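> No sequence on hand, only this structure:
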Ligand SMILES: [Zn+2]
Ligand SMILES: [Zn+2]
């Protein structure tokens with residue numbers, strides 16, 4: 001097993017889906033697991049988190065990009081959080097003056113959820129997402145994205161390699177210089193390509209982008225590989241395969257639930 005990997009646990013945007021039309025790319029919502037040496041970092045806690053493994057050499061850190069439901073949905077049913085004595089850090093961005101715990105409790109408390117996370121048996125540490133963050137040899141940096149209610153773009157670096165998580169991102173006409181610098185020469189960028197170009201025209205302001213814009217960023221910032229994420233619930237395997245073929249580049253793929261990518 002490589003010492004630096006990214007596993008796609010859930011890549012669906014907005015809403016989980018299932019059924020025969022979604023077997024290749026998967027139906028679980030946003031969740032990615034990065035293993036770097038002894039460190040484990042999760043990006044988001046969508047329904048993909050439910051099937052994640054539970055035991056790690058060191059307590060994992062779950063970094064939440066923003067508080068939309070599709071990025072939090074799996075947290076309440078992740079088995080590790082109910083195991084006595086197991087520590088898990090959950091880092092949540094502050095929103096509208098609410099602290100991290102209050103932000104999480106908007107979903108994880110009655111009436112929307114039966115209990116608050118305080119009642120879980122695991123040792124759960126909720127804190128405000130504060131970047132940059134260091135975990136051993138891992139560095140995680142962040143910058144503000146572009147999404148209704150905000151969303152943090154995160155870059156994780158380890159031993160000279162880097163991977164960027166750019167979900168729930170709506171492009172502007174031009175990519176800003178600070179953004180291009182932030183993602184420059186990244187080994188892998190996870191980019192929100194939820195919409196087809198014509199769909200985007202009717203969904204401006206919804207907070208998502210297109211694979212075509214992703215390709216533009218890739219060339220401007222010399223990104224090595226791109227994984228398109230946040231698949232629309234209406235995008236069946238057939239549609240996603242067609243879109244992947246249409247973009248016609250070996251360095252751009254649409255993320256498939258269950259795949260592991262080696263980064264080192
Ligand atoms: Zn989302
Ligand atoms: Zn969102």
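The structure has been received and is ready for your questions. Nothing here was measured: the structure is a model prediction, and the numbers come from that model. Ligands and ions are numbered 1, 2, ... in the order given.

> from memory residue 27 sits against residue 17, does it?
Yes - using C-beta atoms under 8 Å, residue 27 makes contact with residue 17 at a distance of 4.2 Å. (Glycine included, C-beta is placed from N, CA and C.)

> Tell me the helix or strand right after the worst-scoring helix or strand of the chain on mean pLDDT.
Least confident helix or strand, the chain: helix 100-105 with a mean of 89, by mean pLDDT, DSSP states H and E. Next in sequence after helix 100-105, counting helices and strands by DSSP states H and E, comes strand 123-128.

> what's the offset of the least confident helix or strand of the chain from the middle of its chain?
Remark: helix 100-105 is offset 19 Å from the chain centroid, using C-alpha atoms, centre = their mean, to the nearest Å.

> for it, packing partners?
Counting contacts by 3 or more C-beta pairs under 8 Å, 6 or more residues apart in numbering; DSSP states H and E, helix 100-105 is packed against strand 87-92, strand 123-128.

> tell me which residues of it are tucked away?
By 16 or more other C-beta atoms under 10 Å, the buried positions in helix 100-105 come out as 100, 101, 103, 104, 105.

> Pull the contacting residues for the residue of the stretch 151-264 of the chain found nearest ligand 2.
Proximity of the stretch 151-264 of the chain to ligand 2 (C-beta to the ion) peaks at residue 168, 3.8 Å away. Counting by C-beta atoms under 8 Å, 6 or more residues apart in numbering, residue 168 touches 13, 65, 66, 68, 71, 145, 147, 151, 192, 207, 208, 230.

> what two of the residues you listed are the furthest from one another?
13 and 145 (14.1 Å; C-beta to C-beta).

> what about the two, which has more around it?
Taking other C-beta atoms under 10 Å, residue 13 and residue 145 do not tie; residue 13 has more neighbours (26 against 21).

> mind listing what the more buried one touches?
29-30, 70, 167-168, 192, 194, 208, 229-233.

> For it, which non-adjacent residue is closest in space?
residue 230 (3.4 Å; C-beta to C-beta, 6 or more residues apart in numbering).

> Mind pulling the model confidence for that neighbour?
Here the pLDDT value assigned to residue 230 is 98.

> The one 5 residues further on too?
What the model reports for residue 235 is a pLDDT of 97.

> which element is it on?
Using DSSP H and E, residue 235 falls outside every helix and strand.

> For it, grab phi and psi.
Main-chain dihedrals, residue 235, degrees, to the nearest 10: phi -90, psi 100.
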